[in-house]
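Q: need a structure here:
(chains A, B, C and D)
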There are 2 protein chains.
Amino acid sequence: MNFLVAEDDPFHRSFLKNTLESVLEESDTIHEATNGKEALEVVARHKIGGIVMDLQMPSANGIEAAKVIWQSNPDMRILFWSNYADEAYVRGISRIVPAGAVYGYLLKTASVDRLELAARGVFREDQCIIDREIRGVQQRTENNLEGLSDSEFEVLLDIALGMTDKAIAARHKISTRGVQSRLKHLYDKLGIDQSETTTEFGPVFNSRTRAVAIAISRGLLNVNGLAAGEEELETWLKHRSDGA
Amino acid sequence: MNFLVAEDDPFHRSFLKNTLESVLEESDTIHEATNGKEALEVVARHKIGGIVMDLQMPSANGIEAAKVIWQSNPDMRILFWSNYADEAYVRGISRIVPAGAVYGYLLKTASVDRLELAARGVFREDQCIIDREIRGVQQRTENNLEGLSDSEFEVLLDIALGMTDKAIAARHKISTRGVQSRLKHLYDKLGIDQSETTTEFGPVFNSRTRAVAIAISRGLLNVNGLAAGEEELETWLKHRSDGA
DNA sequence: GGCGATATTGCGGATATCCGCAACGAATAT
DNA sequence: ATATTCGTTGCGGATATCCGCAATATCGCC
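A: Next up, the predicted model:
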């Protein structure tokens, strides 16, 4: 079987390559890619049976690459390998993983043993192996008591991109008031309470921008997620006129 | 001389340690730290002559650690070592480097040769060694034609933290209108023009939040910078009443 | 001092945002 | 079928933001 290691950092890449050899058989080979684009090329050219993919990479990050790969190849086994357990990543992945696909999600802080175990599990046993910490984040997003519901997350991303209420309303086909209603729920869940931080000259915080600040500091949003959102927004802007 | 390598990633840490040995003499030793706090402890306990410091680290990032170290030890030689050339980092560092201090700033993508050269330069020759790319960013921030002036950057950070115009005005002791004036300049420099992105239902973007989105995607702001700003903001909020 | 560039301020007004309140619809539970 | 819950919508109004315009203010410079 052919494997692919997609990772921009040379140290981590060679480390992954070495470790992966523990699940190798003679006939197996390991290809390498240093960014998302390269990964796509390798997958297109060779018959790849499993991928270890870093999430932070230049020119097409791991999630974008995985999305494209899974589109034409829904049962590709992918082991994600990331520095952070940001909710933005977790949400991003769970949005693109096809039904029944085999994948794993490991943090870079995991030990070598765990990595070997995960590689064996995902690539040899067709098991999904998700880091304990990631699993925690997943669960938080599922029960939307502490976590945000999908629609709340949507407006969060939209205001983070800088959209107005009206534009958000048009995009999701609800009324302006509906957007504001969602925003209010969002503010509540993020613990934004004007009256709490009010001084002699009035409230210190602007709810809208404060929500973005909190979301970023908590890892609900990150740069990659924003970039992805920006792209989707642009295609919407483009097809808005003819697509409707 | 004693050196300190502060870097959370074990691979990079051992790589740094190995490479640093090329500037070592017999009597020299290398200490290690995996986060900012540890780095501070090591510096407090041992007599350190030079530090290689990663900028992204858990519990006190590189800039915070450097700030504290330089406060009590203004001629400590520090070689910063980072993944990114974000303007937020460059500004953050240039704000805290004491007059006449020796430091360097290298990207992790630099070759081993460059790293050795930089280490030798900073630790043995007392030269400042700044990566070419970083230098470019520095210059952009200095001539404020394409870059932002300090006051513009200030309001940018403030709105990114979620502050209202009034609160920003109070903090910097200018009028509300003054804040809005600075904001207008900021919007202009970031290329935010309402009329450019106006559709049948009005403008798509809210200038305020859009500015934050653009700033983040361009690396003018990043998570660490925001966290640092948040802390400063909190101390201001606390001492606002009694300090004035 | 006088001059020009830049920054700040007040005014005024057009929008945008935030949000309480009440009503409505849809889905779910009893 | 009725009750409950949850998301959405319209209304109305209090603030907040954005910004053109014009008057000062501030600073460096000759």
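
Q: Smallest gap between chain A and DNA strand C, at which residue?
A: In chain A, the residue that lies nearest DNA strand C is residue A:208 (3.0 Å; C-beta to the nearest atom of the strand). Where you see a C-beta, it was placed from the backbone N, CA and C, and this is true even at glycine.

Q: Remind me which helix or strand that residue belongs to.
A: helix A:207-217 (DSSP states H and E).

Q: Report the distance from that helix to the chain centre.
A: 19 Å (C-alpha atoms, centre = their mean, to the nearest Å).

Q: do the helix or strand that that helix is followed by and chain B meet?
A: With elements assigned by DSSP H and E, the helix or strand that comes after helix A:207-217 is helix A:223-243. Yes - residues of helix A:223-243 contacting chain B under C-beta under 8 Å from any C-beta of the partner chain: A:223, A:226-227, A:230, A:237, A:240.

Q: got the residues of chain A near DNA strand C?
A: A:164-166, A:177, A:180, A:183-184, A:187, A:194, A:206-208 (C-beta under 7 Å from any atom of the strand).

Q: Could you restrict those to the ones contacting DNA strand D?
A: Restricting the residues of chain A next to DNA strand C to those near DNA strand D by C-beta under 7 Å from any atom of the strand leaves A:177, A:206.

Q: Show me the residues of chain A next to DNA strand C that map onto helices.
A: Under the assignment DSSP state H, the residues of chain A next to DNA strand C contribute A:165-166, A:177, A:180, A:183-184, A:187, A:207-208 to helices.

Q: Weed out the non-buried ones from these.
A: Among these, the ones that count as buried by 16 or more other C-beta atoms under 10 Å in any protein chain shown are A:165-166, A:183, A:187, A:207-208.

Q: Out of those residues, which is nearest to residue B:219?
A: residue A:208 (22.7 Å; C-beta to C-beta).

Q: what sits against the nearest residue to residue A:206 once chain neighbours are set aside?
A: Distances taken as C-beta to C-beta, 6 or more residues apart in numbering or on different chains place residue B:164 nearest to residue A:206, at 4.8 Å, with adjacent residues excluded. By C-beta atoms under 8 Å, 6 or more residues apart in numbering or on different chains, residue B:164 lies in contact with A:202-206.

Q: can you do 10 Å?
A: A:194, A:197, A:201-207, A:209-210, B:158, B:170, B:176, B:179 (C-beta atoms under 10 Å, 6 or more residues apart in numbering or on different chains).

Q: same deal with residue A:6?
A: Taking C-beta under 10 Å, 6+ apart as the test, what residue A:6 contacts is A:13, A:16, A:31-36, A:38-40, A:42-43, A:51-55, A:57, A:60, A:62, A:65-66, A:69, A:78, A:81.

Q: same question, residue A:110
A: By C-beta under 10 Å, 6+ apart, the neighbours of residue A:110 are A:81, A:117-118, A:131-133.

Q: Show me where chain A has its helices.
A: Using DSSP H, the helices found in chain A span residues A:10-20, A:36-45, A:62-72, A:87-96, A:112-119, A:132-142, A:150-161, A:165-172, A:176-189, A:207-217, A:223-243.

Q: angle of the second one against helix A:62-72?
A: For helix A:36-45 and helix A:62-72, the angle between their directions (axes from the mean of the first three to the mean of the last three C-alpha atoms, to 10 degrees) works out to 20 degrees.

Q: For chain A, give me the ranges with low pLDDT.
A: Filtered on pLDDT under 70, chain A yields the residue ranges A:142-146, A:241-244.

Q: Of all residues in chain A, which one is closest to DNA strand D?
A: For chain A, C-beta to the nearest atom of the strand, closest residue to DNA strand D: residue A:178, 2.2 Å.

Q: is it true that that residue touches residue A:165?
A: Yes - contact criterion C-beta atoms under 10 Å: residue A:178 and residue A:165 qualify, at 9.4 Å.

Q: Spit out the residues that contact those two alike.
A: Residues touching both residue A:178 and residue A:165 (C-beta under 10 Å, 6+ apart): residue A:155.

Q: circling back to that earlier point, give me the buried subset of the residues of helix A:223-243 next to chain B.
A: Among those, those scoring as buried are A:223, A:226, A:230, A:240 (criterion: 16+ other C-beta under 10 Å).

Q: so which pair among these is furthest apart in space?
A: A:223 and A:240 (25.5 Å).

Q: Tell me which residues touch residue A:7, please.
A: Contacts of residue A:7 by C-beta under 10 Å, 6+ apart are A:13-17, A:32-35, A:39, A:52-57, A:62, A:81, A:108.

Q: Which ones, among those, also lie beside chain B?
A: A:14-15, A:56, A:108 (C-beta under 10 Å from any C-beta of the partner chain).

Q: out of the buried ones among the residues of helix A:223-243 next to chain B, who's nearest residue B:123?
A: residue A:223 (32.9 Å).

Q: Surely that closest one is in contact with residue B:217?
A: Yes - with contacts counted by C-beta under 10 Å, residue A:223 reaches residue B:217, the gap being 7.0 Å.

Q: now the residue of chain A closest to DNA strand C, nearest residue through space, not along the chain?
A: Nearest to residue A:208 is residue A:159, by C-beta to C-beta, 6+ apart, at 5.7 Å.

Q: coming back round to it: OK, contacts around the residue of chain A closest to DNA strand C?
A: Under the criterion of C-beta under 10 Å, 6+ apart, the contact list for residue A:208 reads A:159-160, A:165, A:183, A:186-187, A:192, B:162, B:206, B:208-209.

Q: which one of those sits closest to residue A:126?
A: For the contacts of residue A:208, the nearest to residue A:126 is residue A:160 (37.0 Å; C-beta to C-beta).

Q: Identify the residue nearest that closest one in space, chain neighbours excluded?
A: Nearest one to residue A:160, counting by C-beta to C-beta, 6+ apart, is residue A:212 at 4.7 Å.

Q: Give me the distance between that neighbour and residue A:222.
A: Relative to residue A:222, residue A:212 is positioned 12 Å away (C-beta to C-beta, to the nearest Å).

Q: Of the two, which one has the most company?
A: residue A:212 (29 against 20; other C-beta atoms under 10 Å in any protein chain shown).

Q: Show the contacting residues for that one.
A: Applying C-beta under 10 Å, 6+ apart, the residues contacting residue A:212 are A:156-157, A:159-162, A:190, A:206, A:220-221, A:226, B:159-162, B:209, B:212-213, B:216, B:226.
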